[in-house]
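Participant: Pasting the sequence and the predicted model now:
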Amino acid sequence: MAAAEIKSDSDTLDKLICDYGPTKYRDIVWAMEWARHLRWDEMSRQLPMAEMIEKAMLDVISGKVTPEIILAATQKDTAVTEKITEKKVESKKEKVKKA
């Protein structure tokens, strides 16, 4: 498949995956982590999950994002999620005390 024949991100992704080296499966796991992070992104939030996964895989396989970037982003997401959970628990405790 020549570069001129590649018509979409999907075609590009298919070609990259076919030509990919031995780290393919490890990087697919990184791509799934990146897709989870992209759910927090305002622009990506509107995308269907299939498109978000495709975008994440393309970002990882093409080298646009590195495992270090993904790890930092997912740790930040986890911290935010934990704070939200703590606030919900505290709010429930306060409601119980008032009742």
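Facilitator: Cool, the structure landed. Quick caveat, the model's predicted, so the values are computed rather than measured.
Participant: Could you find the closest non-adjacent residue to the residue sitting nearest the centre point of the chain?
Facilitator: The chain has Ala35 as the residue nearest its centroid, 1.8 Å off, counting by CA atoms, centre = their mean. Using CB to CB, 6 or more residues apart in numbering and skipping residues adjacent in sequence, the residue nearest Ala35 is Ala56, 3.8 Å away. The C-beta positions use only the backbone N, C-alpha and C, and glycine is treated the same way.
Participant: pLDDT (mean, whole number) over the helix or strand the one you found falls within?
Facilitator: Using DSSP states H and E, the element containing Ala56 is helix 49-61. The pLDDT scores in helix 49-61 average 89.
Participant: what about Tyr20, which SS state?
Facilitator: When classified by DSSP: H, G, I helix; E, B strand; the rest coil, Tyr20 comes out as coil.
Participant: And Ile84, how close does it get to Glu90?
Facilitator: 11 Å (CB to CB, to the nearest Å).
Participant: so what does the helix or strand hosting Trp30 touch, helix or strand wise?
Facilitator: Per DSSP H and E, Trp30 falls inside helix 24-38. Applying 3 or more CB pairs under 8 Å, 6 or more residues apart in numbering; DSSP states H and E, one finds that helix 24-38 contacts helix 49-61, helix 67-98.
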